[in-house]
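> starting from these lines, generate the structure:
(chains A and B)
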2 protein chains.
Amino acid sequence: MIKKLTVAALFGALGITAVAIAQDEGPHDGAIKGRQAMFQTYGFNMGILGAMAKGKMDYNADMAAEAAANLNAAANFGQSAMWPEGSDSETPGNAKTRALPAIWSDFPGVLEKSKALKDASAVLAAEAGNGLDALKSAMGGVGDSCKGCHDDYRAEKK
Amino acid sequence: MIKKLTVAALFGALGITAVAIAQDEGPHDGAIKGRQAMFQTYGFNMGILGAMAKGKMDYNADMAAEAAANLNAAANFGQSAMWPEGSDSETPGNAKTRALPAIWSDFPGVLEKSKALKDASAVLAAEAGNGLDALKSAMGGVGDSCKGCHDDYRAEKK
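Residues are numbered from 1 along each chain as shown, chains lettered A, B, ... in the order given. A predicted model of the protein is given here:
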């Protein structure tokens, strides 16, 4: 049986906070890395679905359904801790980020993009396991929503 | 209105597959990075909850509930694409990973650890918004389940 740990001992054992502090240089680096992990999760699952849609990987209904469910779950993460004011690409001292200041100056616009992703990922989660054609049709909406947000709120790659 | 894109044009526009291929050197690097993004999501949310539990951040019921819900959602990701055989720390050619070969030789043990995390994260998601004491009590179970898996299936940091 695993011995119960106090919270402090627990975090000591896991090294979570210590690692976070040691790696963070800017005040918002934790939040920046947290949202980037979320985006990497989007990308990982979209990568699987895209490979199937493009015929680079055999279509597998279970795997497609799983990737779409994961994407939909991640698209529904609460994000209020991920976007502190000042964690944009133009404020000095932040970890590498392409998040444009427009995210904070046009927050209603961002929420609209976020809703578009959630709506499209819900459709994709419902359709991805129903065959390759269903997957392909439902992917467009997610891709459009990704692109819609990137176009307006993400800096070009340098 | 956003113009509908074909799947190929979409991925071209997003650069998802191209980026994944360019950065991957080993055959399992995509899967390794995919699971690491998931673990980073665990860590980000546990970091927030741990900071509150340790008094380094003021307890905020909404933020605690959100972090615990995110953690619980990530703990329930389907992981079948994340752990291909050979994506361990001892097989040459992989991206940096601490995943021990025991994960594949003792898969029932891993599933048990995974279930322990899901059970504990469900309790945490239900309790985190109910005050600091409720948060602290429910965190132990999640921490124990993290540690339980790390002890048996993750290599020490070099």
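
> is chain B within reach of stretch A:127-147?
Yes - using C-beta under 8 Å from any C-beta of the partner chain, stretch A:127-147 comes into contact with chain B via A:K136, A:M139, A:G140, A:G143, A:D144, A:C146, A:K147. Where C-beta positions appear, they are placed from N, C-alpha and C, glycine not excepted.

> scratch that, stretch A:67-76 is what I was asking about
Yes - if you take C-beta under 8 Å from any C-beta as the test, stretch A:67-76 does meet chain B, through A:A67, A:A69, A:N70, A:A73, A:A74, A:N76.

> mind putting those into TSV with distance to A:T41?
TSV is the format used below for these (distance: C-beta to C-beta, whole Å):
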residue	distance to A:T41
A:A67	10
A:A69	12
A:N70	7
A:A73	9
A:A74	5
A:N76	12
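
> scan the residues you listed and report the most crowded one.
A:A67 (30 neighbours; other C-beta atoms under 10 Å in any protein chain shown).

> now the strand or helix carrying that one - C-alpha only, CSV.
Using DSSP states H and E, A:A67 maps to helix A:61-75. The C-alpha coordinates for helix A:61-75 follow below in CSV (Å, rounded to 0.1, in the frame of the first residue of the first chain):
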residue,chain,number,x,y,z
ALA,A,61,-12.5,3.7,-36.5
ASP,A,62,-11.5,3.1,-32.9
MET,A,63,-8.3,5.1,-33.2
ALA,A,64,-10.1,7.9,-35.1
ALA,A,65,-12.8,8.1,-32.5
GLU,A,66,-10.3,8.2,-29.7
ALA,A,67,-8.2,11.0,-31.2
ALA,A,68,-11.4,13.0,-31.9
ALA,A,69,-12.6,12.5,-28.4
ASN,A,70,-9.3,13.5,-27.0
LEU,A,71,-9.3,16.6,-29.1
ASN,A,72,-12.8,17.5,-28.1
ALA,A,73,-11.9,17.1,-24.4
ALA,A,74,-8.9,19.3,-24.8
ALA,A,75,-10.9,21.9,-26.8
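
> which elements pack onto it?
helix A:29-53, helix A:107-127, helix A:132-153, helix B:61-75 (3 or more C-beta pairs under 8 Å, 6 or more residues apart in numbering or on different chains; DSSP states H and E).

> B:D88: which of these is closest?
helix A:29-53 (18.5 Å; C-beta to C-beta).

> hmm, that closest one in reach of chain B?
Yes - counting by C-beta under 8 Å from any C-beta, chain B has neighbours in helix A:29-53: A:30, A:33-34, A:37-38, A:40-41, A:43-48, A:50-51, A:53.
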